[in-house]
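Colleague: Sequence first, predicted coordinates after that:
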Amino acid sequence: MQMVTVPQLYCPFPSRINPRVDEIDRHTTDWLREFELLRTEQMHEKFRRYKFAWMTARVYPDADYDLLCAANDLYTWLFILDDQLDHLTPETAKIREKASLQEAISNFVDILRYDRTVPRGTDAILASLSDFWARMKPMSRPSWQCQFILGLRATFEAAIWEAGNARKGRPPTATQYMQMRPWFAGANIGTDMIEVAAKVHLPVYVLQHEHFVRLVDLSRRAVCWANDLFSLSKEVAHGDEHNLVLVLKQERGATLEEAIQETAQIHDAEIRLFQELRGRLPSFGDEIDADVARYVDALGIMIRGFMDWSIYDTARYQFVYDRT
């Protein structure tokens, strides 16, 4: 595997972690075994080294224990599906076909929309999603549940787009990639979880304000650009061209190092724009302004949490981080 050097990224947000991270880790380890989501002890050991609980505890440091367990189960579930899509064998290649992905989306949405219970010991992916949803519903509002269903559907529909590109050997343009990346990466799910994790319920007129929408979008993008840098070695090794560095390298005719530097510059510029826009949000009244500030702070903590997990905790990515 080619080891890349990632330049130091601008991230002016506080680094925090929930103190119950070890308990969360033990819970999800047991949950994976209960639903038989991983087939071998080797896979269990691999996922243990990924330390997803540290990611979740950093991203939502103030969340309740039950919410953190549910969120960590969900993220681990998503990473399992991501690995299945990325690391195909002749026996599993069908999973990336459009019809298979569309069938999976329909099954996922049916479980969430109609509270469909899938018994343990049947389909591991569907049964574990059913369990997650049964625990998540009492902790969330109906409006959030509707948004989550739409967001999960959008994530997997974007995965169809990504899989189609890979199947046809057709890399996206930089514009296409930057538009789609937050969706097939599931970054929208990360921001959607903030409402229940931070217990901040904002009115629709705030959620739809153009500056607020842009802040949420920038936070998703920042997580994705940083992840593209941290995961670059892994994706080069697997021949996956859905990475901003590789898209820019091809489109610009640049060297790998030049594309790495440009990706880092895009990340830093969008973080600075995030900081600028948060200062330009209008007042919605003292009480709502306090909630908006908590929500925007949570977006910053989320950005920092994913970054710290990638740098300090997980064995999922291999890179050198240049702190000079």
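Modeller: Thanks, I have it.

Colleague: So which other helices or strands are in contact with whichever strand or helix holds residue 148?
Modeller: Per DSSP states H and E, residue 148 falls inside helix 142-168. Counting contacts by 3 or more CB pairs under 8 Å, 6 or more residues apart in numbering; DSSP states H and E, helix 142-168 packs against helix 65-86, helix 98-113, helix 174-184, helix 187-192. Bear in mind the C-beta positions are built from the backbone N, C-alpha and C, glycine included.

Colleague: closest one to residue 131 among these?
Modeller: helix 65-86 (7.9 Å; CB to CB).

Colleague: Alpha carbons only: can I get that closest one in CSV?
Modeller: In CSV, the C-alpha atoms belonging to helix 65-86 read as follows (Å, rounded to 0.1, in the frame of the first residue of the first chain):
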residue,chain,number,x,y,z
TYR,A,65,-25.5,6.5,26.4
ASP,A,66,-28.5,4.9,24.7
LEU,A,67,-28.3,7.3,21.7
LEU,A,68,-24.6,6.7,21.4
CYS,A,69,-25.0,3.0,21.3
ALA,A,70,-27.7,3.2,18.6
ALA,A,71,-25.7,5.7,16.6
ASN,A,72,-22.6,3.6,16.8
ASP,A,73,-24.5,0.5,15.8
LEU,A,74,-25.8,2.4,12.8
TYR,A,75,-22.4,3.7,11.7
THR,A,76,-20.8,0.3,12.1
TRP,A,77,-23.7,-1.2,10.0
LEU,A,78,-23.0,1.5,7.3
PHE,A,79,-19.3,0.7,7.3
ILE,A,80,-20.0,-3.0,6.9
LEU,A,81,-22.2,-2.2,3.8
ASP,A,82,-19.5,0.2,2.5
ASP,A,83,-16.9,-2.6,2.8
GLN,A,84,-19.2,-5.0,0.9
LEU,A,85,-19.6,-2.5,-1.9
ASP,A,86,-15.9,-1.6,-2.0
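
Colleague: Could I get the buried residue list for that helix?
Modeller: By neighbour count on 16 or more other CB atoms under 10 Å, the buried set for helix 65-86 is 67-81, 85-86.

Colleague: Report the buried residues of the helix holding residue 148.
Modeller: Quick answer for helix 142-168 (16+ other CB under 10 Å): 144-145, 147-149, 151-156, 158-163, 165-166.

Colleague: Can you report how many residues lie near the closest residue to residue 267 other than its chain neighbours?
Modeller: Nearest non-adjacent residue to residue 267, counting by CB to CB, 6 or more residues apart in numbering: residue 225, 4.1 Å away. Look at residue 225: counted by other CB atoms under 10 Å, it has 25 neighbours.

Colleague: ok, now residue 132?
Modeller: 20.

Colleague: Over to residue 210?
Modeller: Residue 210: 8 surrounding residues under other CB under 10 Å.

Colleague: any idea of the mean pLDDT for the helix holding residue 148?
Modeller: In this model, helix 142-168 has a mean pLDDT of 91.

Colleague: So what angle separates the directions of it and helix 98-113?
Modeller: Angle, helix 142-168 to helix 98-113, by axes from the mean of the first three to the mean of the last three CA atoms, to 10 degrees: 170 degrees.

Colleague: wait, residue 259 sits on residue 248?
Modeller: Yes. Assessed by CB atoms under 8 Å, residue 259 is found in contact with residue 248 at 4.4 Å.

Colleague: distance between the helix holding residue 148 and the chain's centre?
Modeller: Centroid separation for helix 142-168 versus its chain: 12 Å, with CA atoms, centre = their mean, to the nearest Å.

Colleague: In contact with residue 250, which residues are there?
Modeller: 171, 241 (CB atoms under 8 Å, 6 or more residues apart in numbering).

Colleague: again with residue 43
Modeller: Taking CB under 8 Å, 6+ apart, we find residue 43 in contact with no residue.

Colleague: how far away is it from residue 37?
Modeller: From residue 43 across to residue 37, the span is 9 Å (CB to CB, to the nearest Å).

Colleague: Among the helices and strands packed on helix 142-168, which comes closest to residue 322?
Modeller: With CB to CB, the closest approach to residue 322 among those belongs to helix 174-184: 23.4 Å.

Colleague: Let me see the mean pLDDT of that closest one.
Modeller: Averaging pLDDT along helix 174-184 gives 96.

Colleague: ok, and for it, which residues are buried?
Modeller: Across helix 174-184, burial judged by 16+ other CB under 10 Å covers 174, 177, 178, 180, 181, 182, 183, 184.

Colleague: Distance to residue 220 added to those, as JSON lines?
Modeller: Shown next, in JSON lines, are the buried residues of helix 174-184 (distance: CB to CB, whole Å):
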{"residue": "174", "distance to residue 220": "17"}
{"residue": "177", "distance to residue 220": "14"}
{"residue": "178", "distance to residue 220": "11"}
{"residue": "180", "distance to residue 220": "12"}
{"residue": "181", "distance to residue 220": "9"}
{"residue": "182", "distance to residue 220": "4"}
{"residue": "183", "distance to residue 220": "9"}
{"residue": "184", "distance to residue 220": "12"}
